[in-house]
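Q: here is a sequence together with a model predicted from it:
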Amino acid sequence: MGFSHIFLRNKTKITPVEIVRETQRLLLCISSDHGLKQEEKKKEADLKQEKKAAAALAKNIRALKSIAYGNDESSAVSRACAQLTEEFFRENTLPLLIVCLPKLTLEAQRDATQVVANLLRHKVQSRLIASEYLEKNTDVLDLLVAGCGNMDMAIQYGEILRACLRHQSAARYVLESPAHLKKFFDYIQLRYFDIASNAALTLKELLTRHKYSLVPEFLSKNYEWFFADFNSKLLESSDYFTRIQATKLLGHMLLDHSNSAVMARYVSSRNNLRIVMNLLRDSSKCIRIKAFHVFKLFAANQNRPFDIITVLVANRSKLLRFLADFKTDKEDECFESDKAQVMKEIVALDPRDHESYE
């Protein structure tokens, strides 16, 4: 297909359906051109045509954005948005856009990301078409998960993936694919900030968004491997960014009432207590504060196993001294109240009833 035959036609009015089809034709052309002429330099005419196609595509994407969000003069029209959404997913435009995204300008990438995020949450006659689409086209999620490890595109792919993960079917697919989830454990440890920060946001979305059914079910079924990896790779990482993001996320998970069964299991582990107590000694005050909010769950647990009690008793003096001097940068009545309760619980432990553990 030649570039010259697929540019947006010069019409005063063009329907959402036509814009999507024109956009898809451009995407198909650009994607099929990708990788050609590897063994020789492209001719000047080919480069001009490719540049012209990219410009036309950027124009189309701006038109899609105008329909999806409206512009300065008019708000988005629901009928046009519905037509746009139906056509976008019916014609399987999303995977093409994902593949071609790196070839667009930064502005066009931003526009495309916003358009996709809008269409992913748009309802058509009370139906979430995007949710149905993602359930049948999980290869899209495969592309996005892999793209989150791309140094140049992690932010854009991450934003699109998180918009997908708002749909429970998409989140379930990623969570139930251990290879996918473990990739984010690897991504967050990388030295590339865009990849690591994006991975932290995506992990939080995965593990806190669908908290009344999907997440507790996943954590219960996958408790052993998940927390073994979470502890060793993230909480015990030598990298500050990884540790602080993991400590924040652990608090989000365990302090949510929907995860009460998982929390009870986590705070019954002596190894978990050891890790959290080490975080209380971290050089970062921010990490120490986040770790305290997890540690208080161990102290407040009225069904403490014997080995948890022995650790707390053996370290009681050190813990009480630490907590007495432990303060936040700003006055925080809730924090002080929690701290006082933790100290009370530790003082109440009777060392004569338990063997000392060092």
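A: Perfect, I can see it now.
Q: please name the nearest non-neighbouring residue to residue 107.
A: residue 58 (7.1 Å; C-beta to C-beta, 6 or more residues apart in numbering). Bear in mind the C-beta positions are built from the backbone N, C-alpha and C, glycine included.
Q: the longest helix belonging to the chain packs against which elements?
A: The longest helix of the chain (DSSP state H) is helix 44-69. The elements that helix 44-69 packs onto, with contact taken as 3 or more C-beta pairs under 8 Å, 6 or more residues apart in numbering; DSSP states H and E, are helix 16-33, helix 78-90, helix 106-121.
Q: in a markdown table: these, plus distance to residue 67.
A: Formatted as a markdown table, these follow (distance: least, C-beta to C-beta, whole Å):
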| stretch | distance to residue 67 |
| --- | --- |
| helix 16-33 | 5 |
| helix 78-90 | 5 |
| helix 106-121 | 9 |
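Q: of all those, which one is nearest residue 342?
A: helix 106-121 (41.3 Å; C-beta to C-beta).
Q: and the next helix or strand past the closest one?
A: Reading on from helix 106-121 to the C-terminus, the next helix or strand found by DSSP states H and E is helix 129-136.
Q: list the buried residues for the lowest-mean-pLDDT helix or strand in the chain?
A: Within the chain, no helix or strand scores below helix 44-69, which has a mean of 83 by mean pLDDT, DSSP states H and E. By neighbour count with 16 or more other C-beta atoms under 10 Å, helix 44-69 contains the buried residues 49-50, 53-54, 56-61, 63-68.
Q: which one of those residues is nearest residue 182?
A: residue 61 (33.4 Å).
Q: wait, doesn't the closest one sit right on residue 23?
A: Yes - at 6.9 Å, residue 61 counts as touching residue 23 under the criterion of C-beta atoms under 8 Å.
Q: helices or strands next to the helix or strand hosting residue 225 in the packing?
A: Take DSSP H and E as the rule and residue 225 turns out to sit in helix 223-229. Using 3+ C-beta pairs under 8 Å, 6+ apart, the elements in contact with helix 223-229 are helix 178-187, helix 260-266.
Q: mind putting those into a markdown table with mean neighbour count, distance to residue 317 and mean pLDDT?
A: Shown next, in a markdown table, are those (neighbours: other C-beta atoms under 10 Å; distance: least, C-beta to C-beta, whole Å; pLDDT from 0 to 100):
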| stretch | mean neighbour count | distance to residue 317 | mean pLDDT |
| --- | --- | --- | --- |
| helix 178-187 | 17 | 36 | 95 |
| helix 260-266 | 16 | 26 | 96 |
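Q: out of those helices, nearest to residue 142?
A: helix 178-187 (7.8 Å).
Q: can you name every helix or strand that that closest one contacts?
A: Using 3+ C-beta pairs under 8 Å, 6+ apart as the contact test, the elements touching helix 178-187 are helix 139-147, helix 168-175, helix 193-208, helix 223-229.
Q: including mean neighbour count, could the ones you listed go into a markdown table?
A: Formatted as a markdown table, the helices and strands packed on helix 178-187 follow (neighbours: other C-beta atoms under 10 Å):
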| stretch | mean neighbour count |
| --- | --- |
| helix 139-147 | 18 |
| helix 168-175 | 20 |
| helix 193-208 | 20 |
| helix 223-229 | 14 |
